[in-house]
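# Generate coordinates for the sequence data below:
(chains A and B)
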Amino acid sequence: MKVDLKKLSILVFALFFSSGMLSAQGHGQEHSSGDASHEEQDSHGPEAGHDSDLAHSYCGGHEEDGEYNPVNTVMDHIADANEFHVWKGVHLPLPVILYAPDHGWTTGLSSMFDHGHKAVDGYVLNHGRVNRVADPFFPKGEVHIDGILRRTETVEKDGKAEEKDVYYACLEGELYKLDKPSTVDGGFLGGGITSFYDFSITKNVFGMIIASLLLIWLFTSVARGYKKNEGKAPSGVQSFMEVFFVFIRDEVTKPMIGEKHYERFQPFIMTLFFFIMFINLLGLVPFFPGGANITGNLAVTLTLAVFTFIVTNINGKKDYWEHIFWMPGIPAWVKIILTPVEVLSLFIKPFSLMIRLFANISAGHIIILSLIGLVFLFGNNGQNVGGAAGGAIIGGLFTAFMNLIELLVALLQAFIFAILSASYIGAAVEEHEHHHEGAH
Amino acid sequence: MGAIGAGIAALGAGVGIGLIGSRAMEAIARQPEAVGDIRNNMILTAALVEGAALFAIVVGLLAG
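So this is what the prediction gives:
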């Protein structure tokens, strides 16, 4: 059984690696041509009159070459998606579970949208993300659509003109405006809570499931090793992982939480550390099971930070709350100033955990994607082969360098999240013995 | 504007983390046996400084 598992894992990894080589060749081309055929930028501005007139002039012309827009390409790649792009033309369909208050549930596989050529119950797939047609007159059920069109529109907001990308679905010569995708990340990557709720197993959720399965597989075998080698030296993968366990215990939990309480929080801190480390490392793998920007998604880091917040405050001792609401040993007027600050810091701590992890990982992904984008930028969208080659050399070298830095960041951010969580928990469970007998 | 803001934020964080690093090096030179504690606290403080800079960078990204 054990040998079988080993062989299987080697086979699976070999498969992933070979598929990665294939995808590295096809990936960029597919995307640049895909962008060109599906996006057209209209800079004519707001004199857009009748929708049908526009549709006649824009829906037909999908074969035209569009401009390569590095910002949009990068944002598409770091955003979550409802299908997993494996390599050129091959997508892994993922389950979609959608709910709209005025329509009810819609479920199925993301392949039912046919990569943006079909609308189901008013939902379309736009750059891998499910969007909903805002128009209530859009036909329900499965409809073939002519495509999705992007236009840059100038929107008046607070007296200032802002340029915004608006997407339209083309159906029988008419344009229907699309709602934004539905996310809980506060609309940071072009989403927000819109007219529907998206409970789908997205690319990020799929990535987290893969990471969890890997963790379960790894840790059950390590746990079996501890049972088998009780009182003996560790063996196999167990001896590799023991370095991490001892490191977390001696460098993170023991000094931060204290000798007395650290054992209670060891599992929580280790779960945080290994889960974040695994999804960070999976995010660095540029091909199929990896490549999802999971910790670079605010909703994911928000959930992790909320766990730390709950664990910290549930375990808060009397001293902890006293130090927040009525700090001992200082004059009363200072207490009045200090209490709001302390109460705010209660929320700022997990908030900064959330932002730190999100921004670090997102920044890494954006830098790598921008460097790869140099190939298409210098190559003038496929018209300048010499420029593309130059871009590939510069971009490739810097990407290799950035990937090494990101490898460090992936481990460091997991460590920082764990050590900061441990220090917050440590502050909550700390008991002061002396401060009651007159401070200082 | 966003790019300028992000640049200034990176500048501030760079100065801050540089100071932490230089003082940590001095501390390690004075007390080489405390290197473990110093390293941990250095990373922790650097993470806090970096957090402030990342807030600014996120705001810069949002501002476009």
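# how near is B:Ala27 to chain A?
According to Cβ to the nearest Cβ, to the nearest Å, B:Ala27 and chain A sit 17 Å apart. Every residue, glycine included, has its C-beta placed from N, CA and C.
# from memory that residue sits against B:Ile38, does it?
Yes: B:Ala27 lies in contact with B:Ile38 (Cβ atoms under 8 Å); the separation is 5.1 Å.
# what about the helices in the stretch 251-400 of chain A?
With DSSP state H, counting those that start in this stretch as the criterion, the stretch 251-400 of chain A has helices at A:254-257, A:262-284, A:298-314, A:318-325, A:332-378, A:385-429.
# any idea of the mean pLDDT in the shortest one?
The pLDDT scores in helix A:254-257 average 88.
# Outside of it itself, list whatever touches it.
A:Tyr262, A:Phe265, A:Ile419, A:Ala422, A:Ser423, A:Ile425, A:Gly426, A:Val429, B:Asp37, B:Asn40 (Cβ atoms under 8 Å, 6 or more residues apart in numbering or on different chains).
# Which stretches in chain B count as strands?
Using DSSP state E, no strands are found in chain B.
# Near chain A, which residues of it are found?
By Cβ under 8 Å from any Cβ of the partner chain, the part of chain B that sits against chain A consists of B:36-37, B:40, B:43-44, B:47-48, B:50-51, B:54-55, B:57-58, B:61-62.
# Which of those residues are buried, as a PyMOL select command?
Entered in PyMOL, the line below selects the buried ones among these, by 16 or more other Cβ atoms under 10 Å in any protein chain shown:
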select buried, chain B and resi 40+43+44+47+50+51+54+55+57+58+61
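# Look up how far A:Thr295 lies from A:Glu251.
Look at A:Glu251 and A:Thr295: by Cβ to Cβ, to the nearest Å, they are 22 Å apart.
# And these two? Which one has more around it.
A:Thr295 (30 against 19; other Cβ atoms under 10 Å in any protein chain shown).
# was I right about that one contacting A:Gly364?
No: using Cβ under 8 Å as the test, A:Thr295 is too far from A:Gly364 to be in contact (9.9 Å).
# State the number of residues packed around the closest residue to B:Gln31 other than its chain neighbours.
Closest residue in space to B:Gln31, ignoring its immediate chain neighbours: B:Ile38 at 7.7 Å, by Cβ to Cβ, 6 or more residues apart in numbering or on different chains. For B:Ile38, the neighbour count with other Cβ under 10 Å is 18.
# picking up where we left off before, now which of the contacts of helix A:254-257 would you call buried?
The buried subset of the contacts of helix A:254-257 - by 16+ other Cβ under 10 Å - is A:Tyr262, A:Phe265, A:Ile419, A:Ala422, A:Ser423, A:Ile425, A:Gly426, A:Val429, B:Asn40.
# which residues sit in contact with the third one?
Just to be clear, that refers to A:Ile419. Contacts of A:Ile419 by Cβ under 8 Å, 6+ apart are A:Glu251, A:Val252, A:Met256, B:Asn40, B:Ile43, B:Leu44, B:Ala47.
# Please apply the same query to A:Ser423.
Neighbouring residues of A:Ser423 by Cβ under 8 Å, 6+ apart: A:Met256, B:Leu44.
# That one and A:Gly225: what is the separation?
Taking Cβ to Cβ as the measure, A:Ser423 falls 31 Å from A:Gly225.
# just B:Met25 next, same as before
If you go by Cβ to Cβ, the gap between B:Met25 and A:Gly225 works out to 40 Å.
# These two: which has the busier surroundings?
For B:Met25 versus A:Gly225, the count of surrounding residues by other Cβ under 10 Å is larger for A:Gly225: 19 against 12.
# Does the one helix or strand that one maps to pack against any helices or strands, and if so which?
Secondary structure assignment for A:Gly225, by DSSP states H and E: helix A:203-228. Applying 3 or more Cβ pairs under 8 Å, 6 or more residues apart in numbering or on different chains; DSSP states H and E, one finds that helix A:203-228 makes contact with strand A:83-87, helix A:237-247, helix A:262-284.
# So A:Asn315 is in contact with A:Tyr424, correct?
No: applying Cβ under 8 Å, one finds A:Asn315 not in contact with A:Tyr424, separated by 10.1 Å.
# Compare the two and say which one has the larger neighbour count.
When A:Asn315 and A:Tyr424 are compared for neighbours, A:Tyr424 comes out ahead with 20 against 15, by other Cβ under 10 Å.
# okay, and for the stretch 101-250 of chain A, where does confidence drop off?
A:156-162, A:184-193 (pLDDT under 70).
# at 80 instead, please
Low-confidence segments of the stretch 101-250 of chain A (pLDDT under 80): A:101-103, A:114-117, A:126-128, A:134-143, A:145-166, A:171-175, A:177, A:179-195, A:235.
# Strands along that one, start to end?
Remark: strands assigned in the stretch 101-250 of chain A by DSSP state E, counting those that start in this stretch are A:104-109, A:118-120, A:123-126, A:129-132, A:142-144, A:147-157, A:160-171, A:174-177, A:197-198.
# Direction included, what does the shortest one pair against?
Sheet partners assigned to strand A:197-198 using DSSP bridges are listed as strand A:95-100 (antiparallel).
# So for the partner strand, what gets flagged as buried?
Buried residues in strand A:95-100 (16+ other Cβ under 10 Å): A:Val96, A:Leu98, A:Ala100.
# same thing with stretch A:332-347?
A:Leu338, A:Glu342.
# any idea of the mean pLDDT in it?
Mean predicted confidence for stretch A:332-347 is 89.
# now do stretch A:74-86
pLDDT averaged over stretch A:74-86 gives 81.
# Any idea which residue is closest to the centre of chain B?
Nearest to the mean C-alpha position of chain B, by Cα atoms, centre = their mean, lies B:Ile17 at 3.2 Å.
# Can you verify my assumption that it contacts B:Glu50?
Yes: in this structure, B:Ile17 is within contact of B:Glu50 by Cβ under 8 Å, at 6.8 Å.
# Put together CSV for the helices and strands packed on helix A:203-228, with distance to A:Gln413 on each row.
Formatted as CSV, those follow (distance: least, Cβ to Cβ, whole Å):
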stretch, distance to A:Gln413
strand A:83-87, 24
helix A:237-247, 15
helix A:262-284, 6
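# With A:Ile209 as the reference, name the closest of these.
Judged by Cβ to Cβ, the one of these that comes nearest to A:Ile209 is helix A:262-284, at 10.6 Å.
# now the angle from that closest one to helix A:237-247?
120 degrees (axes from the mean of the first three to the mean of the last three Cα atoms, to 10 degrees).
# tell me which residues of helix A:262-284 are tucked away?
A:262, A:265-266, A:268-270, A:272-284.
# Is there proximity between it and chain B?
No: using Cβ under 8 Å from any Cβ, helix A:262-284 never reaches chain B; the gap is at least 13.5 Å.
# which non-adjacent residue is nearest A:Phe358?
Nearest one to A:Phe358, counting by Cβ to Cβ, 6+ apart, is A:Thr301 at 4.5 Å.
# Same question for A:Ser352.
B:Gly51 (4.5 Å).
# what pLDDT does residue 46 get?
I'll assume chain A. pLDDT, A:Pro46: 39.
# The intended chain is chain B.
You'll see B:Ala46 listed with a pLDDT of 87.
# Right, I'll leave it there.
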